[in-house]
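**Student:** sequence and predicted model, in that order:
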Amino acid sequence: MSHLYPFVLFNLLVLGLLALDLGVIHRRARAVSLRQAAFWSTFWVLLSLTFNVGIYFWRGRESALEFLTAYLLEKSLSTDNVFVFAVVFSAAAVPAAYQYRVLFWGVLGALAMRGAFIAGGAALLSRFAWVTYFFGGFLAITGTSLLLRRRQEIHPERNPLLRWASRVMPIIRDYEGPRLFVRRDNRFFATPLFLALLMVETTDLLLAVDSIPAAFAVTQDSFIVYSSNVLAVLGLRALFFLLVGVMAKFRYLRTGLSVVLVFMGLKMLAAPIYKLPTAPSLAAICVILIATILASLWAERAGLRMDGEVRRR
């Protein structure tokens, strides 16, 4: 039972922060400004780095490096969620004042789903050695597939869970403030905000299929995998409002994330023969992401310069 204490204490900390977030800081539904998003993004990153320091003094240098690598990996992969969430909110016409509330409840669902995924993955890896090859091959194939194909258009309205919900429960057409359900004539109705939440949850579930095996490629310590995943997800809400307006500028980010997935998959496949130390893995991820961002910024600047020359002509 003693191995469960860190999970219990960590979850109590997370639930306390979420209660403070929704009950005090964001009690009133309102649009999140860029300044607020930048502040809270910085807060969650600093909190994660502080937790990383705690891991260093508690478990030592190697565990701290594993946490930092897994956190950076999960944080990078979560940027792909920003584009998807923007599409969902646009398709569902979610008012800006309610988007943060949807992401808040989406985070709670994501924590539960990812916790179950991580527990299942850890159990499989501890009992069956071949699962390492399965996870590694899955990451390498997924990364290669994303690298070779262009970004596909996302159609939230085709979500099968959304279609099912529309058939089995009564739904009103208009938003009722930040509420997910309303009661009318002694009947409960789902609001469009609930449907947006369903789309966010199912989208996160699909994206977690990639991110969790990638974290296990860094370490098989389930607490490190879980805590790094949770802290990355907690900062996703603020990251969404910070990056949603500029994501189009990072045109090569998806390519970089694909390369990272391939790299982690190959690392996992090679682990039974040679286990790559955590520090070189962290360095490789940083180099890939920095190169991706710089290439995107260079391409953006070159495109703007060409557009300016065309206008002058």
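**Tutor:** Arrived safely, thanks for sending. Quick caveat, the model's predicted, so the values are computed rather than measured.

**Student:** show me what contacts Leu197?
**Tutor:** Val102, Trp105, Gly106, Gly109, Leu180 (CB atoms under 8 Å, 6 or more residues apart in numbering). No exception for glycine: its C-beta is placed from N, CA and C like everyone else's.

**Student:** the fourth one: which element?
**Tutor:** Using DSSP states H and E, Gly109 sits within helix 96-127.

**Student:** which parts of the chain are strands?
**Tutor:** Per DSSP state E, the chain carries strands over the ranges 181-184, 187-190.

**Student:** tell me the buried residues in the helix holding Gly109?
**Tutor:** For helix 96-127, burial by neighbour count (16 or more other CB atoms under 10 Å) applies to 98-107, 109-111, 113-115, 117-118, 121-122, 125.

**Student:** so where's the chain shaky on pLDDT?
**Tutor:** 1-3, 21-31, 80, 149-162, 166, 206-207, 244-248, 303-313 (pLDDT under 70).

**Student:** centre-most residue in it?
**Tutor:** Centroid-nearest residue in the chain, with CA atoms, centre = their mean: Ser78, separated by 3.1 Å.

**Student:** how near is that residue to Ser296?
**Tutor:** Separation of Ser78 from Ser296 (CB to CB, to the nearest Å) stands at 17 Å.

**Student:** Leu289 now?
**Tutor:** For Leu289 relative to Ser296 (CB to CB), the value is 11 Å.

**Student:** nearest spatial neighbour of Leu180, skipping sequence neighbours?
**Tutor:** Distances taken as CB to CB, 6 or more residues apart in numbering place Phe194 nearest to Leu180, at 4.2 Å, with adjacent residues excluded.

**Student:** what's the burial count for that neighbour?
**Tutor:** A total of 19 residues lie near Phe194 under the criterion other CB atoms under 10 Å.

**Student:** tabulate the strands of the chain (a markdown table), appending distance to Leu73.
**Tutor:** Formatted as a markdown table, those follow (distance: least, CB to CB, whole Å):
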| stretch | distance to Leu73 |
| --- | --- |
| strand 181-184 | 37 |
| strand 187-190 | 36 |
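
**Student:** could you export those to TSV, including columns for distance to Val84 and mean neighbour count?
**Tutor:** Output for the strands of the chain, formatted as TSV (distance: least, CB to CB, whole Å; neighbours: other CB atoms under 10 Å):
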stretch	distance to Val84	mean neighbour count
strand 181-184	25	12
strand 187-190	22	14
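
**Student:** nearest to Val260, of these?
**Tutor:** Val260 lies closest, by CB to CB, to one member of the strands of the chain: strand 187-190, at 37.7 Å.

**Student:** contacts only, for Thr79.
**Tutor:** Contacts of Thr79 (CB under 8 Å, 6+ apart): Leu239, Leu243, Met247, Phe250, Leu253, Leu257.

**Student:** okay if I get those residues as TSV plus neighbour count and distance to Ala140?
**Tutor:** Listed next are the contacts of Thr79 as TSV, based on neighbours: other CB atoms under 10 Å; distance: CB to CB, whole Å:
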residue	neighbour count	distance to Ala140
Leu239	22	27
Leu243	18	27
Met247	16	26
Phe250	21	23
Leu253	21	20
Leu257	24	14
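
**Student:** ok, those vs Leu34, which is closest?
**Tutor:** Of all these, Leu243 has the smallest distance to Leu34: 10.3 Å, by CB to CB.
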